[in-house]
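Q: Here's a sequence, model it:
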Amino acid sequence: MSADPQISKVSTIPVGPLHVALEEPMYFRIDVDGENVTGVDINAGHVHRGVEYLTMKRTMTQNVVLTERICSLCSNSHPETFVMAAENIAGITIPERAAFLRVIAAEVKRVASHLFNVAILAHLTGYEMLFMHVMQIREIAQDLKETVFGNRMDLAAMCIGGVRYNLDAEMTAYMLGALDKLEPEVQAIIKTYKTNSSILRRTRGVGVIAKDEAISVGAVGPVARAAGIDYDVRVVAPYAAYNKLTVPVPTLKDGDVWSRAMIRLYEVANSIQMLRDCLKLLPGGAINLGERPDIPAGRAVAKCEAPRGELIYYLKTNGEEIPERVKWRVPSFMNWDALHFMFKGSKIADIAIIVNSIDPCVSCTER
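A: The predicted structure follows:
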């Protein structure tokens, strides 16, 4: 008797914990029917470091340094949100110049983070020339970080009560020159991602999540905005100096891999303009309080718009130098669940592209 051609070939394949979609280990158990993905189970825990526990063994000042080591691409967002929580407890208002300098640090990191993600997307689609080109353009932002902050990844810009770095006329001119070089290159990259057939063929209609599905899992950041959710912490709950700036919030409706990449590229262009505005409006004055403030007993929640989305910190203190409790909820924690919808109807060949499209951070999640 001949085999029935209608019988499906259902099987389970492992992806990871080491694989091409991520620099960090994450295990996926993928259920497939032939070439089609029918289900996914995500298994975390491979890089658990106990950082939350360590924060309750360090002083408040030491924790500013420690939290910056949680993640590399969004390293500035963690200490920024931590110090905002501490400042909320102590009733501290930072100097106006420090508020603008915080925005500058955050937007420089956003530019570098988003360009890295869209570069990896080009690599995963097999477009190696575009991958190398985007990474080369990203080097402008990397050189800017190294020149202004002294480091290409961890900026060490934050402190309780303000910032630890300053800009003089020479450094401001350098930043403006770097932005002048970066802006036309970003516009060219946007045009390429809009028109290149190789990119469009592999990303349009792939890894789709609808707006209601994104809301149901609490998706944040570019993942949510690519599905039509108009939410950005910089606008909804302004912090630092964002209330003095124009903060565009680009949204798209298709919720696919291409839309998520385009949202990031649009945000890069917007960040460049915000950096120009900050340098133009940058007031004089102090950059911090000039001393380490005492943090009284209390509790507070603070949040910011990290490159991947809404980052929330909870801080509880008891009047001692060491906090009683520190806890954070990272954007990747919410966006992981979006993969369950994105994988529906996708092909095995699209797994790496879809995973990369949420720009996941395993180290942030496994705290």
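Q: part of a helix, is Tyr312?
A: One thing to correct before we go on: residue 312 is Ile, not Tyr. No - checked against DSSP: H, G, I helix; E, B strand; the rest coil, Ile312 lies outside a helix; its state is strand.
Q: That one: what's it in contact with?
A: Shown here is Ile312, whose contacts under the criterion Cβ atoms under 8 Å, 6 or more residues apart in numbering are 81, 301-303, 328-329. From N, CA and C alone the C-beta is placed, and that goes for glycine too.
Q: if you look at the residues you listed, which of them are in strands?
A: In strands, judged by DSSP state E, the following of the contacts of Ile312 are found: 301-303, 328-329.
Q: Could you give the separation of the helix ranked longest in the chain from the chain centroid?
A: Selection of the longest helix in the chain by residue count, based on DSSP state H, yields helix 96-124. In terms of Cα atoms, centre = their mean, to the nearest Å, the centre of helix 96-124 is set 8 Å apart from its chain centre.
Q: again with stretch 58-69
A: Centroid separation for stretch 58-69 versus its chain: 20 Å, with Cα atoms, centre = their mean.
Q: just stretch 262-278 next, same as before
A: The chain centroid and the centroid of stretch 262-278 are separated by 14 Å, computed with Cα atoms, centre = their mean.
Q: I'd like the average pLDDT over that stretch.
A: When pLDDT is averaged over stretch 262-278, the result is 98.
Q: which residues of the stretch 101-250 of the chain fall in strands?
A: Remark: strands assigned in the stretch 101-250 of the chain by DSSP state E, counting those that start in this stretch are 158-159, 162-163.
Q: what's in contact with the first one?
A: Read it as strand 158-159. Applying Cβ under 8 Å, 6+ apart, the external contacts of strand 158-159 come out as 61, 64, 68, 76, 79-80, 82-83, 102, 105, 164, 288.
Q: Format these as CSV; extra columns: pLDDT, neighbour count and distance to Val362.
A: Putting the contacts of strand 158-159 into CSV (pLDDT from 0 to 100; neighbours: other Cβ atoms under 10 Å; distance: Cβ to Cβ, whole Å) gives the following:
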residue, pLDDT, neighbour count, distance to Val362
Thr61, 95, 15, 28
Val64, 97, 21, 23
Glu68, 94, 23, 17
Asn76, 95, 29, 19
Pro79, 96, 26, 20
Glu80, 97, 29, 21
Phe82, 97, 28, 20
Val83, 98, 27, 25
Arg102, 98, 26, 26
Ala105, 97, 24, 24
Arg164, 96, 16, 28
Asn288, 97, 20, 33
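Q: Just the ones of the residues you listed in helices?
A: With helices taken from DSSP H, the overlap with the contacts of strand 158-159 comprises 61, 64, 79-80, 82-83, 102, 105.
Q: ok, so of the contacts of strand 158-159, who is nearest Arg152?
A: Proximity to Arg152 was ranked across those by Cβ to Cβ; first place goes to Asn76, at 12.4 Å.
Q: How about the closest one: what's its closest non-neighbour residue?
A: Take Asn76 and drop its neighbours on the chain: the residue closest to it by Cβ to Cβ, 6 or more residues apart in numbering is Lys109, 4.6 Å away.
Q: burial of the one you found, as a residue count?
A: A count of nearby residues for Lys109, using other Cβ atoms under 10 Å, gives 27.
Q: Repeat that for Lys244.
A: Around Lys244 there are 15 other residues, counting by other Cβ under 10 Å.
Q: Would you mind measuring from it to Pro238?
A: Distance, Lys244 to Pro238, using Cβ to Cβ, to the nearest Å: 9 Å.
Q: ok, now Cys74?
A: Here Cys74 is placed at a distance of 19 Å from Pro238 (Cβ to Cβ).
Q: of those two, who's got more company?
A: For the pair Cys74 and Pro238, the greater number of neighbours falls to Cys74 (26 against 15), based on other Cβ under 10 Å.
Q: So, low pLDDT: which residues of the stretch 1-150 of the chain?
A: By pLDDT under 70, the low-scoring segments of the stretch 1-150 of the chain are 1-9, 19-23, 45.
Q: mind running it again at 80?
A: Across the stretch 1-150 of the chain, the ranges flagged by pLDDT under 80 are 1-10, 13-28, 43-49.
Q: which residues touch the residue nearest to Ser113 when sequence neighbours are not counted?
A: On the basis of Cβ to Cβ, 6+ apart, the spatially nearest residue to Ser113 that is not a chain neighbour turns out to be Pro307, at 3.8 Å. Pro307 sits next to 73-74, 77, 109-110, 113-114, 221, 359 when contact means Cβ under 8 Å, 6+ apart.
Q: which one of the residues you listed sits closest to Thr55?
A: Using Cβ to Cβ, Ser77 is the member of the contacts of Pro307 that sits closest to Thr55, with 15.7 Å.
Q: That closest one against Ala306, yeah?
A: Yes - assessed by Cβ atoms under 8 Å, Ser77 is found in contact with Ala306 at 3.7 Å.
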